[in-house]
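[1] Could you look at this predicted model? Sequence included:
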Protein chains: 2
Amino acid sequence: MSQDLPVTSYAILGLLTFGDELTGYEIKQRADITLRFYWVSPAMSQIYTELRRLADHGLVRADARADGEREVTSYAITDAGQHALRTWMAETPAGFPVLKHPVLLRLLVGHASEPARTREMLHDYLAELDRARADLGDVRAALRGADSPGEPFRFPALVADWGLDYFAAEERHTRQALASLDDSEGEATP
Amino acid sequence: MSQDLPVTSYAILGLLTFGDELTGYEIKQRADITLRFYWVSPAMSQIYTELRRLADHGLVRADARADGEREVTSYAITDAGQHALRTWMAETPAGFPVLKHPVLLRLLVGHASEPARTREMLHDYLAELDRARADLGDVRAALRGADSPGEPFRFPALVADWGLDYFAAEERHTRQALASLDDSEGEATP
DNA sequence: GAAGACATGTAATGTGTTACATGATTCG
DNA sequence: CGAATCATGTAACACATTACATGTCTTC
């Protein structure tokens, strides 16, 4: 009955379980502030493609309404969609995370690079981590007040906290790597 | 001059910087124990495709030799390959890691699942983390003896340590999430 | 002599991106 | 009134996976 959909489909479906109807555009915005950190933020075109597919399967309902001159289409999850999501969560194993970590990839072949360049890359990463942590911190702050057990943002708050801890850990690991590099190459620099 | 190649191309090129010539098959094995943790382990067919491309660009040299009845082709990085890799590392920004974390994705929409199922998923993840940590630990152990500054496996050891710390952090975060879930839902279970 | 590892590839397919295209609405 | 945002899509293409196909070599 429930054909397998790509995970991103279920991710979008999941975004529609927080109550309101959303346009493709709004879904993109939500994805940019939440999904981005744990999955991907699909391109706009991808979102519209997925919404079409979900609608074809009856998992979302497309609500077209006129907004002045233009047609705006909002999407809401259907009962079938709720059911499909639950089934997917209950019956398919989550699977192990896939990490595409360009910093670690480059560090792995660090012997093919200038030590100074490697250090620069790690410092750049620290700066980006800081920005990411600030962004996610803003999201986390916005959830306050509705993040207790039983409240709507309980689970988003849980994963936001996880994400913040993850960024903190990455920062530590980066500093450790830098320290380790300084131990050896640093002897040249007085 | 140096057209942009996909990152996976450079990853394979990087695997060839550790001295020896490798067959496609051997590259797959190396990828399975190293790249897997920080990037991806490409499918065999993908590896052969990339090797063909790298050879077309003159970045690797294909060495066909007879091994009994069959032809076996080993690949070695060329000077042009070394140069391309260095240029890539020096001139293109690494970019921020992309995390495809199905456990966090599902936890995000935890309100659409049975609490018991969510807990089960987290416990499954703990078990998988344990296995991954053991695998990476074996790799790390195999690097011992050549992992000091200046030695060939210095950088692989650095990233392996990073990876082990990352797994440890994930384990902590998982346990924290479980504890948080127990705090609320656990009240029902005496 | 069968099983499993070694070794190499083609074909079909799918997920997802970027580029392109279009137009309305809002805000300064 | 121009820029930014809102809103929706099509087309071309790239990266990567799975399925399929083939055969040798090694080990039990």
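    Okay, I see it. Numbering: from 1, shown residues only, chains lettered A, B, ... in the order given.

[2] Could you report the neighbour count for A:Asp63?
    12 (other Cβ atoms under 10 Å in any protein chain shown). To be clear about C-beta, it is placed using only N, CA and C from the backbone, and glycine gets the same treatment.

[3] so where's the longest helix in chain A?
    helix A:154-185 (DSSP state H).

[4] Give the buried residues for it.
    Going by neighbour count (16 or more other Cβ atoms under 10 Å in any protein chain shown), the buried part of helix A:154-185 is A:154-164, A:166-167, A:169-170, A:173-174, A:177-178, A:180-181, A:185.

[5] Which secondary structure element of chain A has the lowest mean pLDDT?
    strand A:60-67 (a mean of 92; mean pLDDT, DSSP states H and E).

[6] residue contacts, A:Asp67?
    The contact partners of A:Asp67, taken as Cβ atoms under 8 Å, 6 or more residues apart in numbering or on different chains, number zero.

[7] For it, give its distance to B:Ser9.
    46 Å (Cβ to Cβ, to the nearest Å).

[8] do A:Pro149 as well
    48 Å.

[9] of the two, who's got more company?
    B:Ser9 (22 against 14).

[10] Does the more buried one touch B:Leu51 like I think?
    No. With contact defined as Cβ atoms under 8 Å, B:Ser9 does not count as touching B:Leu51 (9.3 Å).

[11] helices or strands up against the longest helix of chain A?
    In terms of contacts (3 or more Cβ pairs under 8 Å, 6 or more residues apart in numbering or on different chains; DSSP states H and E), helix A:154-185 is packed against helix A:35-38, helix A:115-143, helix B:102-108, helix B:154-185.

[12] Can I get these in a markdown table including distance to B:Arg86?
    Below are the helices and strands packed on helix A:154-185 laid out as a markdown table (distance: least, Cβ to Cβ, whole Å):
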| stretch | distance to B:Arg86 |
| --- | --- |
| helix A:35-38 | 31 |
| helix A:115-143 | 9 |
| helix B:102-108 | 36 |
| helix B:154-185 | 14 |
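
[13] quick one, which of the ones you listed is nearest to B:Thr87?
    Closest to B:Thr87 of the helices and strands packed on helix A:154-185 is helix A:115-143 (Cβ to Cβ; 11.1 Å).

[14] Between helix A:154-185 and the closest one, find me the angle.
    For helix A:115-143 against helix A:154-185, the angle by axes from the mean of the first three to the mean of the last three Cα atoms, to 10 degrees is 160 degrees.

[15] Quickly check: helix A:115-143 near chain B or not.
    Yes. Using Cβ under 8 Å from any Cβ of the partner chain, we find that helix A:115-143 touches chain B at A:117, A:121, A:124-125, A:128, A:132.

[16] Going by neighbour count, which of those comes out on top?
    Neighbour max across those (other Cβ under 10 Å) = A:Tyr125, 27 neighbours.

[17] Give me the average confidence score over stretch A:29-42.
    Stretch A:29-42 comes out with an average pLDDT of 95.

[18] And for it, what's in contact with it?
    Contact with stretch A:29-42 is made by A:7-8, A:11-12, A:15, A:22, A:28, A:47, A:50, A:132, A:135-136, A:139, A:156, A:159, A:163, B:98-102, B:104-105, B:108, as judged by Cβ under 8 Å, 6+ apart.

[19] Apply 6 Å and report the result again.
    A:8, A:11, A:15, A:136, A:139, A:163, B:100-101, B:104-105 (Cβ atoms under 6 Å, 6 or more residues apart in numbering or on different chains).
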